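Peer 1: everything below, folded, please.
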Amino acid sequence: MSSLLNIGLSGVNAAQGHLVTTSHNIANADTNGYHRQRLIQSSQDGWFSGAGFLGNGTRMVAVTRAYDQFLENQVLSAGTNKSAYSVYAAQIRQIDNLLADPTAGLSPGMDAFFAGVQEVASNPTSTAARQALLSSAQALTERFHSLDKYLNDIRDGVEYDIRSTVEQINTYAKGIAELNQRIVVAQAGGAGLPANDLLDQRGQLVSELNNLIGVSTSVQEDGMLSVYIGSGQTLVQGNVVAKLASVQGKADPQRSDVALIVPNGTEIVLPERLFSGGQLAGLLNFRRESLDTTQNRLGMIAVSLASAFNNQHKLGVDLEGVLGQDFFSLSAPRIIPTGAATVAFDFDANNAADDIASLAQFTDSDYELRYDGTNYTLVNLTTKASKTLSVPSDTFEGLRIDLSASTMTAGQTALIQPTRCAARDISVAVTDPRNIAAGCPVIGDVPTGNTGDSKVSGIVMSDTSGVLGTAPYPWNVELSFSGGNLTLSSTPGGFAIANADGTTPATYNPATDAAGKVFTVTGPGGFTFNFTFAGTPGNGDKFNLRPTEAGIADSRNANLLGALQSAKLLFDGASGPTATLGMAYSQLVNKVGNKTQEVQASEQAQSALHTQALEARDSLSAVNLDEEAANLVRYQQVYQASGRVMSIAQRLFDEIISIVR
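Peer 2: Predicted coordinates for the structure are as follows:
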């Protein structure tokens, strides 16, 4: 009788276990990270009756999770990539919307500015036109400022998000370590059987951590989980946690680096490229690939515009007859640490040809200056192009590096950011509209006594150094034509004339050169200009070249200033510069737009992969409420049937007792 009662009792217990497990599944159907559980049971060992082994009921063996490590890894891989692209896409959309805005972008400001230049060229003595040009220049610099401020606001947000993400990573890592300890204790007290709910909680923390930073894991023999980041750096090992920290950048103190602080307190700065997934990687990649390059390119346009305009402006004269000065002001390239070298732009001199060639080599990259104790090497951090610099000074890609007072020690490096702050710092240096140098410093005239019809025109300044000195400029050049040659006499002396290719004497053949031939005049101190001589001169005809007087309606330099809008100044190619200022900005807009589309497409692709991985995992692990409802009915019937067995055993026992009585 007792065996029958025990069999019924084992069935009741097993059915109750199934009902508890099924109810637990139903209650946690919407719990993140929960895996469906099921009770494993087996039959009890039978007892020998002489006629064979009779059954002895059932027993509960274990409660297991519906878990597949391969499917879980698929979900983690797709999830961390999705998070990285999602964060990247959200950030870069802000830049794309700003640059592509037809009213807030840079193009309308540059168009309005050069329209003001053309108005001055049309009315060089008009104070109103000159004042309007200064106003449009001020509006253009304000537009540079606002764009840079917006980018800096984004940068501040990214830096905050990096710090916040690092703090969250540490919180999850600590939680995983604590659950490791609890799982070991629980499984030790449960005969080594899995602590399913604790394992699910730990798995969910790993999933949340993986969304923040790409991780890999391994399970130890004692059930503890080790978590690795980057290229294998240990974040969690058992119940020991190595924290991450957001630290001030060594190369650039204004940006955060991510460091791993191991248990002994050592701080290891991790290279950004080690992070391959999660929100942290998305933030770091966006900052490096898009935010830095956009701000650098915007600064490059500011530097190029200001430098090209300044150089041409300094080749002209204002309404007072005085040589033009810088129209825009710029800050010097940023260098960290400041004592490593003195850095300047190599295209801010007074030689137009050299300035154009140097500006064409200018890039929007950052540079690293390295000193090995003997040599200084400058490295373009984008292209990796490098040059061993001559001491005390040398030039490279439009930069002039002065090392004469360098404080660098062997093994030290310095960061040079030529354009990072340029859009923020550009300003208008000219405040008086009369100081706009719209005229050319040299004017030519033809004496009335000449017998021919030749004339001097097309005077273009190349260098204003030296002889001009201080206004009024006391010099005069007289050209004479005789015997097929142009000769020169000047006050003061020191002027010379040559053919455009630099050869002498300066020859002119009216039969072949009447349409116009270009000659070059050089003076003391490097003062240089070209002019065009055309027509048929009479033997002994003379021509005068002298300083432009104050107040003359001269727009020759203003026309050259306006021509900068369509001039190819940037990005040196096989045949010279390949891009205008407007093209450089359009390339920036297109680059950001293309990157935005690329990241959004990658985000959509990873979202689809993540959804597929979730569906594959959930088909195995998720709770099916219809199935669980059916199980409730099934195990209720098993419970009732087992109870019936116990009831029958009780009746038989009562019958035997009654017979004994």
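
Peer 1: what about residue 383, helix or strand, and which?
Peer 2: Taking DSSP states H and E as the definition, one finds residue 383 inside no helix or strand.

Peer 1: how near is the closest residue to residue 588 other than its chain neighbours to residue 388?
Peer 2: In this structure, residue 588 finds its nearest non-sequential neighbour in residue 297, 4.6 Å apart by Cβ to Cβ, 6 or more residues apart in numbering. Where C-beta positions appear, they are placed from N, C-alpha and C, glycine not excepted. Distance, residue 297 to residue 388, by Cβ to Cβ, to the nearest Å: 28 Å.

Peer 1: and these two? which has more neighbours close in?
Peer 2: Taking neighbours as other Cβ atoms under 10 Å, residue 297 and residue 388 compare with residue 297 leading, 23 against 13.

Peer 1: quick one on the thing from earlier: hang on, the residue nearest to residue 588 in a helix?
Peer 2: Yes: the assignment for residue 297 (DSSP: H, G, I helix; E, B strand; the rest coil) places it in a helix.

Peer 1: now the residue positioned nearest the centre of the chain: closest residue in space, sequence neighbours ignored.
Peer 2: The centroid of the chain falls nearest to residue 290 when counting by Cα atoms, centre = their mean (2.7 Å). Once flanking residues are discounted, residue 290 sits nearest to residue 92: 5.2 Å by Cβ to Cβ, 6+ apart.

Peer 1: list the contacts for that neighbour?
Peer 2: 286, 290, 592, 595-596, 599 (Cβ atoms under 8 Å, 6 or more residues apart in numbering).

Peer 1: check the gap between it and residue 530 for me.
Peer 2: Residue 92 is 47 Å from residue 530, by Cβ to Cβ.

Peer 1: for residue 459, see how far away residue 331 is.
Peer 2: Residue 331 is 34 Å from residue 459, by Cβ to Cβ.

Peer 1: what sits against residue 428?
Peer 2: Counted by Cβ under 8 Å, 6+ apart, residue 428 has contacts 134, 137-138, 141, 327-329.

Peer 1: let's have these in TSV, adding distance to residue 440, neighbour count and secondary structure.
Peer 2: Supplementary listing: the contacts of residue 428 in TSV, determined by distance: Cβ to Cβ, whole Å; neighbours: other Cβ atoms under 10 Å; DSSP: H, G, I helix; E, B strand; the rest coil:
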residue	distance to residue 440	neighbour count	secondary structure
134	21	19	helix
137	21	23	helix
138	26	14	helix
141	26	21	helix
327	16	23	coil
328	21	21	strand
329	24	14	strand
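
Peer 1: circling back: before we move on, what SS does the residue nearest to the centre of the chain have?
Peer 2: With three-state DSSP as the criterion, residue 290 reads helix.

Peer 1: thought it was touching residue 592?
Peer 2: Yes: when contacts are counted by Cβ atoms under 8 Å, residue 290 is listed as touching residue 592 (6.8 Å).

Peer 1: overlap of the contact sets of the two?
Peer 2: Residues touching both residue 290 and residue 592 (Cβ under 8 Å, 6+ apart) are 92, 95.

Peer 1: right, and the helix or strand after the lowest-mean-pLDDT helix or strand in the chain?
Peer 2: Least confident helix or strand of the chain, by mean pLDDT, DSSP states H and E, is strand 47-48 with a mean of 71. Where DSSP H and E defines the elements, the next helix or strand beyond strand 47-48 is strand 53-54.

Peer 1: direction included, what does that next one pair against?
Peer 2: strand 47-48 (antiparallel) (DSSP bridges).

Peer 1: can you give me the helices in the stretch 301-450 of the chain?
Peer 2: Using DSSP state H, counting those that start in this stretch, the helices of the stretch 301-450 of the chain run over residues 352-360, 422-425.

Peer 1: can I get those helices in CSV with mean neighbour count, distance to residue 168 and mean pLDDT?
Peer 2: Formatted as CSV, these follow (neighbours: other Cβ atoms under 10 Å; distance: least, Cβ to Cβ, whole Å; pLDDT from 0 to 100):
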stretch, mean neighbour count, distance to residue 168, mean pLDDT
helix 352-360, 19, 46, 75
helix 422-425, 24, 32, 96
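
Peer 1: kindly reformat these as TSV containing distance to residue 440.
Peer 2: Formatted as TSV, those follow (distance: least, Cβ to Cβ, whole Å):
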stretch	distance to residue 440
helix 352-360	13
helix 422-425	29
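
Peer 1: between those, which gets nearest to residue 279?
Peer 2: helix 422-425 (28.2 Å; Cβ to Cβ).

Peer 1: which elements pack onto the closest one?
Peer 2: In terms of contacts (3 or more Cβ pairs under 8 Å, 6 or more residues apart in numbering; DSSP states H and E), helix 422-425 is packed against helix 127-189, helix 292-313.

Peer 1: please identify the deepest-packed of these.
Peer 2: When the helices and strands packed on helix 422-425 are scored by mean count of other Cβ atoms under 10 Å, the highest mean neighbour count falls to helix 292-313 (a mean of 24).

Peer 1: for the residue nearest to residue 588, what are its contacts?
Peer 2: Contacts of residue 297 (Cβ under 8 Å, 6+ apart): 364, 419, 584, 588, 591.

Peer 1: likewise residue 276?
Peer 2: Counted by Cβ under 8 Å, 6+ apart, residue 276 has contacts 80, 84, 214.

Peer 1: just the helices in the stretch 1-150 of the chain please.
Peer 2: According to DSSP H, counting those that start in this stretch, the helices that the stretch 1-150 of the chain contains are 2-27, 69-100, 107-122, 127-189.

Peer 1: measure how the longest one sits relative to helix 292-313, angle-wise.
Peer 2: Think helix 127-189. Interaxial angle of helix 127-189 relative to helix 292-313 (axes from the mean of the first three to the mean of the last three Cα atoms, to 10 degrees): 160 degrees.

Peer 1: need the residues that contact the next helix-or-strand element following helix 127-189.
Peer 2: Heading C-terminal from helix 127-189, the first helix or strand you meet, by DSSP H and E, is helix 196-212. Identification of contacts with helix 196-212 by Cβ under 8 Å, 6+ apart yields 31-35, 37, 63-65, 72, 75-76, 79-80, 83, 165, 168-169, 172-173, 175-176, 179-180, 182-183, 186, 215, 217, 225, 227, 277-280.

Peer 1: and the angle for helix 196-212 with helix 69-100?
Peer 2: Going by the same axes, to 10 degrees, helix 196-212 makes 30 degrees with helix 69-100.

Peer 1: the host helix or strand of residue 604 - contacts with which helices or strands?
Peer 2: Per DSSP H and E, residue 604 falls inside helix 581-621. In terms of contacts (3+ Cβ pairs under 8 Å, 6+ apart), helix 581-621 is packed against helix 69-100, helix 107-122, helix 292-313, strand 570-573.

Peer 1: starting at the chain centroid, how far to that helix?
Peer 2: 16 Å (Cα atoms, centre = their mean, to the nearest Å).

Peer 1: just want the angle from it to helix 69-100.
Peer 2: 160 degrees.

Peer 1: let the chain start at 624 from now.
Peer 2: Happy to do that; since the first residue is 624 now, the last one works out to helix 1204-1244.
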